[in-house]
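Engineer: let's see this in three dimensions:
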Amino acid sequence: MFEAFEKLPDDPILGLSVSYKKDTNPKKVDLGVGVYRDEKGTTPVFGAVKRAESIKLANESTKTYTGIEGDTVFCEQIQGLVLGKDHTSLRDGRSCAIAAPGGSGALRVAAEVINSWRPGAELWVSKPTWPNHIPLLGTAGLTMKEYPYYDDQGHSIRNDLMLEQVSRLGKNDVLLLHACCHNPTGADLSLAEWREISRLAQKNGFIPFVDFAYQGLGKGLEQDAEGLRHLAASVPEVLIAYSCSKNFGLYRERVGGLIITTGKKATTDAVWSHMKQVARRLYSVPPAHGAMIVGMILADPELSKSWATELDGMCNRINSMRALFTDRMKKKGPKHDFNFIKSQYGMFSMLGLSVEQVERLRNEFSVYMVNSSRVNIAGISADNIDYLTDSINAVL
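Structural biologist: Below is the predicted model:
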């Protein structure tokens, strides 16, 4: 059987990491893989995570399985974090959640639930979107479609075209939205746009499906959830795939959750049973360690405050690197306007470079980014900003 296999190409993003590690240039810059890095270029463990882990280690008495839904404290706390503890769907028992293997696991469970509701349903994703959305969700049986989102030339959201397409969606459609820190563009919906999408969903009956992977890394914990919370309060049925990789620094622990809100509690109970059935056939039960750490942090006021302070520091660093990059490019390449970088949010933006320019950066200057010129802003630091901007200016 295996003799018929041919070697597949490396993942376009993870493959960059391999090339970067082999590069011997001491000035090399990695703007590819989407992990947060501090000023020293490391991805630190949160102090709150370390303290929670020490408590868990001292008190844990078993390693037996959790239920299919995962750690119950995590499921309860994550709903409050995402929706707000006083959200109407929580007060009325119209929200349910399960833990999943990372945000990717949550997305896949959601796709399977959607496909069991309506096989082959059309799922609309932004153009562009996170590259793994289409294979991850499409292989669940859904029909993948794209709606206009980002203007490569104007470096902004194509508001009119986006809303025109969304206005044509109906009861057989599902609309995938990025809650904040849009990957790969960094261009986020305004609250006014969230309200208009909510109005169209109420009117036309399509189902909103929100990918929430970067809460706290855009404008702040509460601000990043504002549009989603309005949507969930206005539209009876919403799916939310959540990731704790970035905002808790738990990448390798694979911590995520799927939240679904419905119009009434009886429906929510039925949906929760289907979520668990899907999870059972995909991975049986989710990883527990990371989810228990998140649950402990969110349930403990002191740990929660410490975590939120650390997260604010990460958010502020990313936004300061956006401003630094914009200002430095203005001085070194005044013919080229990068002001849009300063007005975007989260770890990612697209520089608007050609594939040829990206290849020159990689081959001549050891500056690594994906061919779309999507960069990880957290890879920028005070130490590499001059070399990076000089290199970009050289290929423009």
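
Engineer: buried sites along the least confident helix or strand in the chain by mean pLDDT?
Structural biologist: Across the helices and strands of the chain, mean confidence by mean pLDDT, DSSP states H and E is lowest for helix 14-22: a mean of 84. For helix 14-22, the neighbour count (16 or more other Cβ atoms under 10 Å) marks 16, 17, 20 as buried. Just so you know, the C-beta spots here come from the backbone N, C-alpha and C atoms, and that holds for glycine as well.

Engineer: run a quick neighbour tally on the closest residue to the first one other than its chain neighbours.
Structural biologist: Across the structure, with Cβ to Cβ, 6 or more residues apart in numbering as the measure, the residue nearest residue 16 apart from its sequence neighbours is residue 32 (3.8 Å). In terms of burial, residue 32 registers 23 neighbours under the definition other Cβ atoms under 10 Å.

Engineer: how about residue 352?
Structural biologist: 18.

Engineer: in the stretch 101-250 of the chain, which spans are strands?
Structural biologist: 122-127, 143-148, 150-151, 156-157, 173-178, 207-212, 238-243 (DSSP state E, counting those that start in this stretch).

Engineer: just the CA trace of the first one, in CSV.
Structural biologist: What it means is strand 122-127. Provided in CSV are the C-alpha atoms of strand 122-127 (Å, rounded to 0.1, in the frame of the first residue of the first chain):
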residue,chain,number,x,y,z
GLU,A,122,-22.9,26.2,2.4
LEU,A,123,-20.3,27.7,4.8
TRP,A,124,-19.1,31.1,3.8
VAL,A,125,-15.6,32.2,4.8
SER,A,126,-14.0,35.6,4.3
LYS,A,127,-11.6,36.1,1.4
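
Engineer: walk me through which strands that strand pairs with, and which way each runs.
Structural biologist: strand 143-148 (parallel), strand 173-178 (parallel) (DSSP bridges).

Engineer: which among these is found nearest to residue 326?
Structural biologist: With Cβ to Cβ as the measure, strand 173-178 is the member of the strands paired with strand 122-127 nearest residue 326 (22.1 Å).

Engineer: of all the strands paired with strand 122-127, which lies closest to residue 109?
Structural biologist: Taking the strands paired with strand 122-127 one by one with Cβ to Cβ, strand 173-178 is closest: 14.1 Å.

Engineer: go through the buried residues of helix 14-22 and name the one nearest residue 259.
Structural biologist: Scanning the buried residues of helix 14-22 for proximity to residue 259, where the rule is Cβ to Cβ, the winner is residue 17, at 31.0 Å.

Engineer: name the nearest residue to the closest one, ignoring sequence neighbours.
Structural biologist: residue 33 (4.9 Å).

Engineer: so who does that neighbour touch?
Structural biologist: 13, 14, 16, 17, 376 (Cβ atoms under 8 Å, 6 or more residues apart in numbering).

Engineer: try residue 195
Structural biologist: Residue 195 sits next to 230, 234 when contact means Cβ under 8 Å, 6+ apart.

Engineer: so for stretch 92-99, what gets flagged as buried?
Structural biologist: Taking 16+ other Cβ under 10 Å as the criterion, stretch 92-99 shows 94, 95, 96, 97, 98, 99 as buried.

Engineer: part of a strand, is the third one?
Structural biologist: The reference is to residue 96. Yes. Assessed by DSSP: H, G, I helix; E, B strand; the rest coil, residue 96 belongs to a strand.

Engineer: let me see the backbone angles for the nearest residue to it once chain neighbours are set aside.
Structural biologist: Leaving aside its sequence neighbours, residue 96 sits nearest to residue 272 (Cβ to Cβ, 6+ apart; 4.0 Å). With angles defined as degrees, to the nearest 10, residue 272 sits at phi -60, psi -40.
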